[in-house]
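**Student:** predicted model, plus sequence, below.
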Amino acid sequence: MSVNATQLIHSIPVDELTGAISVPIYQTSTYVQESPGVNKGYDYARTGNPTRATLEAIIAKLEQGSTGIAFGSGLAAIDAVLKLLKSGDEIVAVDDIYGGAFRLFTHVYEKFGISVKYVDTTNTNNVFEAVSEKTKLIWIETPTNPTLKVSDIEAIAKIAKANSCLLCVDNTFASPALQQPLTLGADIVVHSATKYLGGHSDLIAGLVVTKEKEIGEKIKFIQNASGAILAPFDSWLVIRGIETLGLRIQQHCRNAQAVAEFLETHPAVENVYYPGLKTHINHDIAKKQSKGFGGIVSFTLKNDTAAAATAVVTNTQYFKLAESLGGVKSLLCHPAQMTHKSIPAEKRKAAGVADSLIRLSVGLEEVQDLIIDLENAFSKAALVKEEFSNAIV
Ligand SMILES: *Cc1c(COP(=O)(O)O)cnc(C)c1O
């Protein structure tokens, strides 16, 4: 299930006080009280802010959850979910996990006695086998970053339920315009709203949505206790991004599909990873649980070296070399040297992040321009790297 453009646009309320069609930005740190403890629902802006509260209500609605909670970054959102756990608890997580989440789980939370088992969650049986009585949280991203693996949310939710642990889905790549994990049985959804929800590469933000109010209250408590809140202006930017999410996602999907199909036919390319391709190993499950396949496409080169990948990513005109994704402008990156650098080389390769893997965030430009841009980059790369030219037979 997913939300459509009408639901997205009208999830944003008109201001009751003034009729303003754009959500007001309450740039304040505190609220004047009539007498001690008597206020209009707000006392201090870390605890609550009307602009942030509006965003939190919007995302809860869009993900069909009970509670939305907004944070200063995607990782702060993820961090808040992990704070539900205690020493001795265990997480079963997708092996092809976002690099920053891996760093947080392994290098911060293991220190506090929380252990993590990384498994290939595209095979539901691996999850079933990894879960023990210590497991309190199953963590998946689907599609994953950067190899676009897709896991069966509904099947994994059943395993979580049977073992009394929570299933959290990082829904950053799909967004509620393509996929609503809570409707498939997940307990928690997290977003890096920095990506598609914001949509314009102009802010860092994170969101959590919970199905149950009780878990939502716990995360709200953590939000206030730890303090990693989203600022009012940035809350407003996310809301503005959500207004056009329907239209943007549609075009991201169309452009990405065309780029993926082009890459499949190019002689320099070895593998293309895009769930919308019939050749993608998880195409069927992607089709079952999502309305579309998103804007991210990854591929490897026949010449599987970091040098060849570098030659390609430094020779595009429209695809800008940058971390992040989900904005109107196309981006590309080389995960082994950029986003996934913090994952040890062996783990990285085992999860399918080859040395030459390039990730594209296909933006909203004319798709023909993007295809020509890649075509030109392959040609230029062949000129600068002799061994690379051998790959283009
Ligand atoms: C970017 C990203 C994050 C982290 O979000 P920030 O806003 O950068 O902190 C988490 N998960 C996924 C899938 C991401 O792409």
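**Tutor:** Cool, got the structure.
**Student:** who in the stretch 101-250 of the chain is up against the ligand?
**Tutor:** Taking C-beta under 6 Å from any ligand atom as the contact definition, the stretch 101-250 of the chain meets the ligand at 101, 141, 145, 170, 172-173, 192, 194-195, 204, 206. Every C-beta, even on glycine, is put in place using the N, C-alpha and C of the backbone.
**Student:** and for residue 30, the neighbour number?
**Tutor:** 11 (other C-beta atoms under 10 Å).
**Student:** mind pulling up the pLDDT for it?
**Tutor:** Looking at residue 30, its pLDDT stands at 98.
**Student:** if I look at the nearest residue to it once chain neighbours are set aside, how far off is residue 295?
**Tutor:** Using C-beta to C-beta, 6 or more residues apart in numbering and skipping residues adjacent in sequence, the residue nearest residue 30 is residue 44, 5.6 Å away. Here residue 44 is placed at a distance of 39 Å from residue 295 (C-beta to C-beta, to the nearest Å).
**Student:** more crowded one of these two?
**Tutor:** With neighbours defined as other C-beta under 10 Å, residue 44 and residue 295 compare such that residue 295 has more, 30 against 13.
**Student:** tell me the secondary structure at the nearest residue to that one once chain neighbours are set aside.
**Tutor:** Spatially, and ignoring its direct neighbours in sequence, residue 295 is nearest to residue 252 (3.1 Å; C-beta to C-beta, 6+ apart). What DSSP: H, G, I helix; E, B strand; the rest coil gives for residue 252 is helix.
**Student:** quick one, what contacts residue 252?
**Tutor:** 196, 294-295, 326, 362-364 (C-beta atoms under 8 Å, 6 or more residues apart in numbering).
**Student:** adding secondary structure, write the residues you listed out as JSON lines.
**Tutor:** Shown next, in JSON lines, are those (three-state DSSP):
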{"residue": "196", "secondary structure": "coil"}
{"residue": "294", "secondary structure": "coil"}
{"residue": "295", "secondary structure": "coil"}
{"residue": "326", "secondary structure": "coil"}
{"residue": "362", "secondary structure": "coil"}
{"residue": "363", "secondary structure": "coil"}
{"residue": "364", "secondary structure": "coil"}
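**Student:** got those as JSON lines, with distance to residue 84 and pLDDT columns?
**Tutor:** Below are these laid out as JSON lines (distance: C-beta to C-beta, whole Å; pLDDT from 0 to 100):
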{"residue": "196", "distance to residue 84": "25", "pLDDT": "98"}
{"residue": "294", "distance to residue 84": "28", "pLDDT": "98"}
{"residue": "295", "distance to residue 84": "31", "pLDDT": "98"}
{"residue": "326", "distance to residue 84": "27", "pLDDT": "97"}
{"residue": "362", "distance to residue 84": "35", "pLDDT": "98"}
{"residue": "363", "distance to residue 84": "35", "pLDDT": "98"}
{"residue": "364", "distance to residue 84": "37", "pLDDT": "98"}
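**Student:** out of those, which one sits closest to residue 18?
**Tutor:** residue 196 (29.8 Å; C-beta to C-beta).
**Student:** tally up the residues packed near that closest one, please.
**Tutor:** Counted by other C-beta under 10 Å, the residues lying close to residue 196 total 29.
**Student:** one more: residue 261?
**Tutor:** Neighbours of residue 261 under the rule other C-beta under 10 Å: 15.
**Student:** state the pLDDT value of whichever residue of the stretch 101-250 of the chain sits closest to the ligand.
**Tutor:** Going by C-beta to the nearest ligand atom, the ligand is nearest to residue 192 of the stretch 101-250 of the chain, at 3.0 Å. You'll see residue 192 listed with a pLDDT of 98.
**Student:** so who does the closest residue to it other than its chain neighbours touch?
**Tutor:** Spatial nearest neighbour of residue 192, chain neighbours left out: residue 74 (2.7 Å); criterion: C-beta to C-beta, 6+ apart. Going by C-beta under 8 Å, 6+ apart, residue 74 touches 100, 172, 190-195, 204-206.
**Student:** give me that answer again for 6 Å
**Tutor:** Contacts for residue 74 (C-beta atoms under 6 Å, 6 or more residues apart in numbering) come out as 192, 194, 206.
**Student:** just the CA trace of the helix or strand where residue 299 lies, in PDB.
**Tutor:** Taking DSSP states H and E as the definition, residue 299 sits inside strand 296-301. Output of strand 296-301 as PDB, limited to C-alpha atoms (Å, rounded to 0.1, in the frame of the first residue of the first chain):
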ATOM      1  CA  ILE A 296      18.200   4.600  -7.100                       C
ATOM      2  CA  VAL A 297      20.100   2.500  -9.600                       C
ATOM      3  CA  SER A 298      23.500   0.800  -8.900                       C
ATOM      4  CA  PHE A 299      25.800  -0.900 -11.400                       C
ATOM      5  CA  THR A 300      29.300  -2.500 -11.600                       C
ATOM      6  CA  LEU A 301      31.800  -2.300 -14.400                       C
END
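**Student:** what about that strand and the ligand, any contact?
**Tutor:** No. If you take C-beta under 6 Å from any ligand atom as the test, strand 296-301 misses the ligand, and the best it gets is 9.0 Å.
**Student:** need the residues that contact that strand.
**Tutor:** Contacts of strand 296-301 (C-beta under 6 Å, 6+ apart): 146-147, 173, 256, 259-260, 263, 268-274, 308, 354, 356-362.
**Student:** please apply the same query to stretch 47-59.
**Tutor:** 11, 23, 25-26, 42, 68-70, 207, 209, 224, 230, 232, 235-236, 238-239.
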